[in-house]
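Peer 1: just coords:
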């Protein structure tokens, strides 16, 4: 292996102060590289004393001379190029700031007044880009060298050429470099000489990584701190003597160097066996160095989690490749889960705290994150470290597991907003399956999709060489041999199969279990069934070893651990272990089955913090890897056979969880068609995919509530009609309407009966509308609104519940869509004539708008009384109450479905938007800056939109209605 070095030390300058240390610095480095590094060293300037070549102390160096020497070093002529090239410089450094800042190494002939600044680092960058040398080393000991090197100028990057590089600069961009007055050497060179001294590690090479470790330790208390970056594999620098590599012996209890279906983590052990992703790790490090956001996307099974954890985070903690990263604060990696904001908060408590102290810190984190980006920014700013790294793994869970669209939106806005507020102090890293990128682009989400595109690194399949490293090198570390034929066969089996790394690791783990004479053999591989057969065979063996009742339990566990894809592949989901217990499957049976599956590495168990529990933690279960979902045919069959049932089950359980979260309020019980669907589910699927205990209770309470309602309705039908009398006006009832028509429209569920009554009902509504216009009487207005609301409600339900019946208008049938549209237009006209003036009165008050505000500690069940008098309260009344559109049909405090949302006329929504914007100088409305929830410019409403204040959270159906109405246009 050939190694060349160019060592430059310039003392003498024509137009800059003379220096004393550079020549001494350079000569000491040159001697050490020659004697202990096996380098062929060229010195500049070169002098000869007593037949001994050394760095000249008084000789000048021209720019032309230095450029030619560097070209010869990094672009040598002829076929033979060195494997390693090292450039050391000690002397003056200059900065040129003429609009564009540029760094230079000063040669003896520099004269800034004549625009001769010396050797340009941009030129050096281009030289390194073209250089074929695989190992490149640059050490600069000069003032302001951090800015000179700047690593954006002098580091050309990998460019796909697999370079190993080591760059060290004496000081940061705002610092000068120093010479120790008690030593002949500058501070950096003195530390380099000590770090390169082979006597420090007599039995092995000093490498660029061990050198950086030494410099960090040696100079940690110095005023001058070097900056550096390392890329690629280790570069051998100096050594005392060559020693044969130690023979690794394997004990009977040797550590398995492979991970099965688990990822390689950032811990003491896993990175030792993590191979094949050096180039990708360096690419991630470069992204982190350049900015504060990184998105790592790849197929399921491509190794995203491993390269982020055992690659990127491990290298950041070591601090060998990026200056100062060893002192950064790296927060625990988290997954979004069902409640991403809660998961985010759990990343902040310090490790090793008592239960009480941890709970205190967690509560504080939750409080701040509840505020949004501002609160998260405070948490980041409070860290003493110069930089905080926050990693969100399995980012797709924000779509697959988080069902609350509002919380999802808030989670994204919190993360991205904190990035803007904290500058470079926060470094946010997302790891996500590539097929979920489309989900990020479905809504604006604060610019999430564009942010990902701008800072994206795609995890591509490993090359043959990288796959060979991943197979062979971990085995070497524990003294195992791998048959060459086995390596070739495994690579052939996986190289054309994206996402096969978990299968590869699982197969290697099984081969390790069956190793013979400390060798991994191709015969054992064939017996296992190859990469694609090993997992299938092992999973089937484990399943067959279970008892019949354990098999039934295992089937249910795996179904529960599978999240059904919505336009994407199925994924995994975490489940609370207690939720797996049913009447048929006891807690003991579930525990026993999970333990057996965990022992076989098919599932993993862990715990999460749970508010209110005595222990503070609750057990959770997760499938070991999505590869099991994709490649175990038995599980695929189970999922496909039960896909529809699983969807229905999850919907019921989601409603049950919301009921629990709302204190088991009767307002959140199942009613009507949804209750009927739940009952049908229990009848059809209670044995195959049983509901959770909570969901069963939820259905039972809903049934009991229905019985109460039915009893009440059966005994008081006359009272219902009396209420109708009150709504539409008793006098008008007597004069204009038959009892039969009223009952048909207000009480019947028979489409035919309703249809027959609608024409007469529409005529009467028109009469009431005209009467209200003429009389301006509030009673007439209320009657007209009631009729048109009822027309909207019943026609909306007919269209929703019987879509095929009204898909196309037939001449001899009632035109339901036409009546629905007429009712909307008339409702909007009545509101415009009789309700909007009240809103305008508040918005355009003489002195200033009287907007009103939310009453402190008010609850949604107080309806319009949540607000003080003003425009907010009136807007609420116009849209949600019988004062106007009456969209809250069930009086359950929410717009809970499409029928309720459609009660709000588009023209009314647009009119309200226009008036609010006019009154607030275009700051407040339904929508602001890519969000229906946050309005940074609307100080009048606390930087929140009308959408959030009028409809609460979540506001899915109102938002969809606003979009349908083209708001914003």
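Peer 2: Noted; the coordinates are in hand. Because the structure is a prediction, the values reported are computed rather than measured.

Peer 1: which stretches in the stretch 601-750 of the chain count as strands?
Peer 2: Counting by DSSP state E, counting those that start in this stretch, the stretch 601-750 of the chain forms strands over residues 603-609, 617-623, given from the N-terminal end onward.

Peer 1: residue 670 is nearest to which of those strands?
Peer 2: Residue 670 sits nearest to strand 617-623 of all these, at 26.4 Å, using CB to CB. C-beta: built from backbone N, CA, C; applies to glycine.

Peer 1: now do that closest one: which elements does it pack against?
Peer 2: Helices and strands touching strand 617-623, by 3 or more CB pairs under 8 Å, 6 or more residues apart in numbering; DSSP states H and E, are strand 575-576, strand 603-609.

Peer 1: hang on, the earlier thing: Throw the strands of the stretch 601-750 of the chain into CSV and include mean neighbour count and distance to residue 232, thanks.
Peer 2: What follows is the strands of the stretch 601-750 of the chain, written out as CSV (neighbours: other CB atoms under 10 Å; distance: least, CB to CB, whole Å):
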stretch, mean neighbour count, distance to residue 232
strand 603-609, 16, 33
strand 617-623, 18, 35
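
Peer 1: least reliable of these going by mean pLDDT?
Peer 2: When the strands of the stretch 601-750 of the chain are ranked by mean pLDDT, strand 603-609 comes last with a mean of 74.

Peer 1: distance to residue 496 added to the strands of the stretch 601-750 of the chain, as JSON lines?
Peer 2: As requested, the strands of the stretch 601-750 of the chain are arranged in JSON lines below (distance: least, CB to CB, whole Å):
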{"stretch": "strand 603-609", "distance to residue 496": "29"}
{"stretch": "strand 617-623", "distance to residue 496": "25"}
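
Peer 1: which of those sits closest to residue 300?
Peer 2: Go through the strands of the stretch 601-750 of the chain one by one with CB to CB and the one that ends up closest to residue 300 is strand 617-623, at 11.9 Å.

Peer 1: strand partners (parallel or antiparallel) of the closest one?
Peer 2: Using DSSP bridges, strand 617-623 pairs in its sheet with strand 575-576 (antiparallel), strand 603-609 (antiparallel).

Peer 1: same question for the shortest one, mean pLDDT?
Peer 2: In this model, strand 575-576 carries a mean pLDDT of 88.

Peer 1: off-centre distance for that strand?
Peer 2: The gap between the average C-alpha position of strand 575-576 and the chain average comes to 21 Å, counting by CA atoms, centre = their mean, to the nearest Å.

Peer 1: the following helix or strand past it: which residues count as buried?
Peer 2: Scanning the chain past strand 575-576 towards its C-terminal end, the next helix or strand to appear is helix 587-599 (assignment: DSSP states H and E). Buried residues in helix 587-599, counted by 16 or more other CB atoms under 10 Å: 589, 590, 592, 593, 594, 596, 597.

Peer 1: correct me, but residue 946 touches residue 876?
Peer 2: No - counting by CB atoms under 8 Å, residue 946 does not reach residue 876; the two are 9.8 Å apart.

Peer 1: so these two - more neighbours on which side?
Peer 2: Neighbour tally, residue 946 and residue 876, criterion other CB atoms under 10 Å: the higher count belongs to residue 946, 27 against 23.

Peer 1: how about the closest residue to the more buried one other than its chain neighbours, secondary structure?
Peer 2: Using CB to CB, 6 or more residues apart in numbering and skipping residues adjacent in sequence, the residue nearest residue 946 is residue 926, 5.2 Å away. For residue 926, the assignment made with DSSP: H, G, I helix; E, B strand; the rest coil gives coil.

Peer 1: contacting residues around residue 926?
Peer 2: With contact taken as CB atoms under 8 Å, 6 or more residues apart in numbering, residue 926 is in contact with 909, 912, 913, 932, 945, 946, 947, 962, 967, 968.

Peer 1: can you add distance to residue 843 and secondary structure and give these back as a markdown table?
Peer 2: Compiled in a markdown table, the contacts of residue 926 are given as follows (distance: CB to CB, whole Å; DSSP: H, G, I helix; E, B strand; the rest coil):
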| residue | distance to residue 843 | secondary structure |
| --- | --- | --- |
| 909 | 16 | helix |
| 912 | 10 | helix |
| 913 | 12 | helix |
| 932 | 21 | coil |
| 945 | 16 | coil |
| 946 | 12 | helix |
| 947 | 17 | helix |
| 962 | 19 | helix |
| 967 | 18 | coil |
| 968 | 19 | coil |
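
Peer 1: quick one, which of those are buried?
Peer 2: The neighbour-count test (16+ other CB under 10 Å) applied to the contacts of residue 926 identifies 909, 912, 913, 932, 945, 946, 947, 962, 967 as buried.

Peer 1: pLDDT check: weakest of these?
Peer 2: Lowest pLDDT among the buried ones among the contacts of residue 926: residue 932, with 84.

Peer 1: residue 596 touches residue 542, doesn't it?
Peer 2: Yes - the pair residue 596 and residue 542 passes the contact test of CB under 8 Å, sitting 7.2 Å apart.

Peer 1: and residue 378, how many neighbours?
Peer 2: The burial metric for residue 378, expressed as a neighbour count using other CB under 10 Å, is 16.

Peer 1: for the helix or strand harbouring it, which helices and strands make contact with it?
Peer 2: Assignment of secondary structure by DSSP H and E places residue 378 within helix 373-381. Helix 373-381 sits against helix 355-371, helix 405-422, with contacts defined as 3+ CB pairs under 8 Å, 6+ apart.

Peer 1: contacting residues around that helix?
Peer 2: Helix 373-381 is contacted from outside by 344, 348, 365, 367-369, 388, 413-418, 420-422, 425-426, using CB under 8 Å, 6+ apart.

Peer 1: now with 10 Å?
Peer 2: Around helix 373-381, the neighbours that count as contacts under CB atoms under 10 Å, 6 or more residues apart in numbering are 329, 331, 341, 344-345, 347-348, 364-371, 387-388, 390, 410, 413-423, 425-428, 446, 934, 943.

Peer 1: buried ones in it?
Peer 2: Of the residues in helix 373-381, those buried under the neighbour-count criterion (16+ other CB under 10 Å) are 373, 375, 376, 377, 378, 379, 380.

Peer 1: and the gap between the first one and residue 292?
Peer 2: This points to residue 373. In this structure, residue 373 and residue 292 are separated by 14 Å, where distance is defined by CB to CB, to the nearest Å.

Peer 1: need the residues touching each of these two.
Peer 2: 419, 420, 422.

Peer 1: buried by neighbour count, from those: which ones?
Peer 2: Buried among those by 16+ other CB under 10 Å: 419, 422.

Peer 1: take the shared contacts of residue 373 and residue 292 and write them to a markdown table, including distance to residue 37 and pLDDT.
Peer 2: Supplementary listing: the shared contacts of residue 373 and residue 292 in a markdown table, determined by distance: CB to CB, whole Å; pLDDT from 0 to 100:
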| residue | distance to residue 37 | pLDDT |
| --- | --- | --- |
| 419 | 43 | 94 |
| 420 | 47 | 92 |
| 422 | 43 | 92 |
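
Peer 1: distance to residue 319 for the shared contacts of residue 373 and residue 292 - can I get that in a markdown table?
Peer 2: Formatted as a markdown table, the entries for the shared contacts of residue 373 and residue 292 read as follows, by distance: CB to CB, whole Å:
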| residue | distance to residue 319 |
| --- | --- |
| 419 | 23 |
| 420 | 27 |
| 422 | 21 |
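
Peer 1: out of the shared contacts of residue 373 and residue 292, who's nearest residue 45?
Peer 2: When the shared contacts of residue 373 and residue 292 are compared for distance to residue 45, the smallest value, 48.2 Å, is given by residue 422; criterion: CB to CB.

Peer 1: pretty sure the closest one is touching residue 415, no?
Peer 2: No - under the criterion of CB atoms under 10 Å, residue 422 lies out of contact with residue 415, with a separation of 11.0 Å.

Peer 1: joint contacts of the two?
Peer 2: If you check residue 422 and residue 415 against CB under 10 Å, 6+ apart, the residues they both contact are 373, 376, 428.

Peer 1: and the last one, what does it touch?
Peer 2: The neighbourhood of residue 428, defined by CB under 10 Å, 6+ apart, consists of 291-295, 380, 388-392, 415-416, 418-419, 422, 451, 455.
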